[in-house]
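K.L.:
sequence plus predicted model, see below.
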Amino acid sequence: MIHVCPLSRLEETVTRTGASHVLTVINVGTPVLRPAAIRAEDHLFVGFNDIVAPQDGLIHPAGEHVAEILAFARRWPRQAPLVVHCFAGISRSTASAFIAACALSPDRDEREIAGALRTASPSATPNALLVSLADAALGRQGRMSAAIAAIGRGSEAMQGEPFELAY
């Protein structure tokens with residue numbers, strides 16, 4: 001199972017779920033205290049800003065970020081949950097969880113995964129650029145991006161509530 005949460009609820013989510021791996025997708029330089037239950041080699045920090053186009057002074061999602069996310073998801077042994085988090089638990093983390101679910105279930109319909117994401121998290125607004133890059137990397141021919149566009153922007157929230165996404 002993949003669990004998604006904001007940074008403020010990382011420790012709680014890892015403890016509650018018994019997770020073995022953590023994927024952090026957050027701004028470079030943001031202090032993130034790795035939960036004690038997570039070994040250093042089972043925690044990946046991918047640093048970029050939550051933007052959908054290049055902006056001076058910021059790091060936009062790029063192919064190398066997607067490659068890191070995909071490699072980490074694929075090497076996760078799936079015997080215990082994976083926790084994915086960003087700062088608010090709304091955009092980068094929901095995109096990354098969707099990407100991981102698509103990668104781990106290559107025959108599952110993207111619309112079904114996106115629908116499950118929306119049901120689990122009314123505030124989820126996956127970063128469209130990150131999803132688009134993963135769509136190309138996974139050879140999904142635009143279906144991932146179309147599925148996320150179809151669920152639309154999530155409800156307004158300062159931070160998302162923790163949720164789980166089956167893959």
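P.N.:
It's in. Residues are numbered from 1 along each chain as shown.
K.L.:
contacts made by stretch 57-73 with the rest, please.
P.N.:
Identification of contacts with stretch 57-73 by C-beta atoms under 8 Å, 6 or more residues apart in numbering yields 21, 23, 25, 27-28, 44, 46-49, 51-54, 82, 92, 96, 99-100, 103-104, 127, 129-130, 133-134, 137-138. Placement of C-beta: from N, CA and C, glycine included.
K.L.:
mind doing that once more with 6 Å?
P.N.:
For stretch 57-73, contacts defined as C-beta atoms under 6 Å, 6 or more residues apart in numbering pick out 23, 44, 46, 48-49, 51, 54, 96, 99-100, 103, 129-130, 133-134, 137.
K.L.:
and those, which are buried?
P.N.:
Among the contacts of stretch 57-73, those buried by neighbour count (16 or more other C-beta atoms under 10 Å) are 23, 44, 46, 48-49, 96, 99-100, 103, 129-130, 133-134, 137.
K.L.:
give me phi/psi at the residue located most distally from the centre of the chain?
P.N.:
Residue farthest from the centre of the chain, counting by C-alpha atoms, centre = their mean, is Asp56 at 24.2 Å. Main-chain dihedrals, Asp56, degrees, to the nearest 10: phi -50, psi 130.
K.L.:
which SSE is Leu10 in?
P.N.:
Using DSSP states H and E, Leu10 sits in helix 10-17.
K.L.:
can you give me the strands for the chain?
P.N.:
Remark: strands assigned in the chain by DSSP state E are 2-6, 21-26, 43-47, 82-86, 163-165.
K.L.:
could you look over these and pick the most buried one?
P.N.:
strand 82-86 (a mean of 29; mean count of other C-beta atoms under 10 Å).
K.L.:
quick one: strands adjacent to that strand?
P.N.:
strand 2-6 (parallel), strand 21-26 (parallel) (DSSP bridges).
K.L.:
local confidence estimate at Tyr167?
P.N.:
Tyr167 carries a pLDDT value of 85.
K.L.:
what residue is smack in the middle of this structure?
P.N.:
Ser96 (2.3 Å).
K.L.:
need the per-residue pLDDT for it.
P.N.:
At Ser96, the pLDDT recorded in the model is 98.
K.L.:
contacts only, for it.
P.N.:
Going by C-beta under 6 Å, 6+ apart, Ser96 touches 25, 69, 84.
K.L.:
with Leu129 instead?
P.N.:
Counting by C-beta under 6 Å, 6+ apart, Leu129 makes contact with 52, 61.
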